[in-house]
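Asker: sequence and predicted structure are below.
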Amino acid sequence: MSKKMRALITGGAGFIGSQVARHFLRAGYGVYLYDSFVIYSVPDPASVQPNFAFRLKDIFPSIHLIRGSTLHKDFLRRTLTEIAPDVIVHMAAMPLPAIAIDYTEEAFQSILNSTLNILEIMRDAQTQARLVYISSSMVYGDFQTPEADEDEHPKNPKDIYGAFKLAGEVVVSTYGRNYGIDFVTCRPSAVYGPTDTNQRVIQKFIQAALHDKPLVLDGDGSMQLDFTYVEDTALAIYLAATTPAASGKVYNVTRGESRSLKDLIEIIRKHVPHTTVVHREAPKYMPVRGSLSIARARRDLGYEPRVSLEEGVRLYVEHLRNNPY
Ligand SMILES: NC(=O)c1ccc[n+]([C@@H]2O[C@H](COP(=O)([O-])OP(=O)(O)OC[C@H]3O[C@@H](n4cnc5c(N)ncnc54)[C@H](O)[C@@H]3O)[C@@H](O)[C@H]2O)c1
């Protein structure tokens, strides 16, 4: 009998990684989540642990959960050698542009050194495994066109996080070319849904609305984001990881349709009427964005996002109503 395929997901205990894990489990892979359980902001004791437990509780008996940091190269090498994964999905990274501005050194370690460690280990081992590098739409900076495609649109990150993510892309493709490493790069954007603990805009808005507090809106509400329900992001990443023809390519992995913060607020108001809004100035590091083209992911991966913003907000509101954290 042939060996069961194995997937190792760095940052696999996180918001997106734990959903990617479900796809590999369904496909019959042995699934290894390699995670150092970092918290990036001052933790809210009422929220962090329950979310973490909720992410993993139904899959806990089927996964291998490994406490490990991608910054600890010896332990990482031993783990990779022992497991010999067929796919490594590299999601472990500080995921927050706002935090990376203050904790720049940590962001550099977390995004770049972490990636370099994996690449060096793969180079030495001459592994046949596929590496999926998780980048970000922040690599584009201000959108020059309403829709950004992967190759033609300029990559001019406006902030530190986007700059490190783009540097990681360049390093991954250079190692890929020089050392025969099979890689794919994915660029998610504005992912939302149950168990996010990082206080991104949809989480903040719904939680404020459910607690009868005003929504704090950056700017006038015209800011556009390609909001993507976490299950769609995870599906696209899984497809990129397992489609042979994706080798060496970059994929936008979003819903493919930007919506304004004003739209988002109107959708939230359908579930929580009378929600009020206060305005503050938009942070300067935030690029002006639009939709990411997902034509390539549709064509090569057969990816089709399933959850509209209306449906995703409904699901998330329902989750936060039933799980008050
Ligand atoms: N959520 C989004 O909107 C979004 C958008 C674009 C890109 N991304 C990228 O997707 C990835 C996952 O983001 P997320 O939203 O699931 O964040 P998350 O914080 O929920 O998950 C990140 C996980 O990585 C782990 N981790 C961090 N550093 C590590 C290290 N050195 N070694 C091992 N584990 C480590 C953390 O403990 C955490 O479980 C990140 O690379 C992020 O930059 C996220």
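Answerer: Everything's here; your move. Numbering: from 1, shown residues only.
Asker: point me to the residue of the protein nearest the ligand.
Answerer: Going by C-beta to the nearest ligand atom, the ligand is nearest to G14 of the chain, at 2.1 Å. (Glycine included, C-beta is placed from N, CA and C.)
Asker: how about the helix or strand where L315 lies: buried residues?
Answerer: Per DSSP states H and E: L315 is located in helix 309-322. Neighbour-count burial for helix 309-322 flags L309, G312, V313, R314, L315, Y316, V317, L320 (criterion: 16 or more other C-beta atoms under 10 Å).
Asker: circling back to that earlier point, hmm, the residue of the chain closest to the ligand is touching F37, no?
Answerer: No. With contact defined as C-beta atoms under 8 Å, G14 does not reach F37; the gap is 9.3 Å.
Asker: neighbour-wise, which of these two wins?
Answerer: More neighbours surround G14 than the other of G14 and F37, with 26 against 13 (other C-beta atoms under 10 Å).
Asker: check the burial of L80 by counting its neighbours.
Answerer: Residues near L80, counting by other C-beta under 10 Å, number 21.
Asker: confirm it sits in a helix?
Answerer: Yes. Counting by DSSP: H, G, I helix; E, B strand; the rest coil, L80 is located in a helix.
Asker: tell me how far V307 lies from Y192.
Answerer: Distance, V307 to Y192, using C-beta to C-beta, to the nearest Å: 10 Å.
Asker: give the residues shared as contacts by the two.
Answerer: Common contacts of V307 and Y192 (C-beta atoms under 8 Å, 6 or more residues apart in numbering): Y229.
Asker: more neighbours, the two?
Answerer: Higher neighbour count among V307 and Y192: Y192, with 25 against 21, using other C-beta under 10 Å.
Asker: for the more buried one, phi and psi?
Answerer: Main-chain dihedrals, Y192, degrees, to the nearest 10: phi -140, psi 160.
Asker: nearest residue to it in space, please, no chain neighbours.
Answerer: Excluding the flanking residues, the one nearest Y192 by C-beta to C-beta, 6 or more residues apart in numbering is I202, at 3.9 Å.
Asker: can you pull the contacts of the one you found?
Answerer: Neighbours of I202 in contact, by C-beta under 8 Å, 6+ apart: A190, Y192, F227, L264, V313, Y316.
Asker: next: T115.
Answerer: T115 is in contact with T70, H90, A93, Y133, G168, V171, V172, counting by C-beta under 8 Å, 6+ apart.
Asker: now, those residues that are in helices?
Answerer: Among these, the members falling in helices (DSSP state H) are G168, V171, V172.
Asker: will you turn the residues you listed into a markdown table that also has distance to V288 and neighbour count?
Answerer: Below are these laid out as a markdown table (distance: C-beta to C-beta, whole Å; neighbours: other C-beta atoms under 10 Å):
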| residue | distance to V288 | neighbour count |
| --- | --- | --- |
| G168 | 23 | 24 |
| V171 | 27 | 15 |
| V172 | 27 | 24 |
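Asker: shouldn't A167 be in contact with L112?
Answerer: Yes. With contact defined as C-beta under 8 Å, A167 and L112 form a contacting pair (6.0 Å).
Asker: how much space between F183 and R289?
Answerer: The gap separating F183 from R289 is 25 Å, by C-beta to C-beta.
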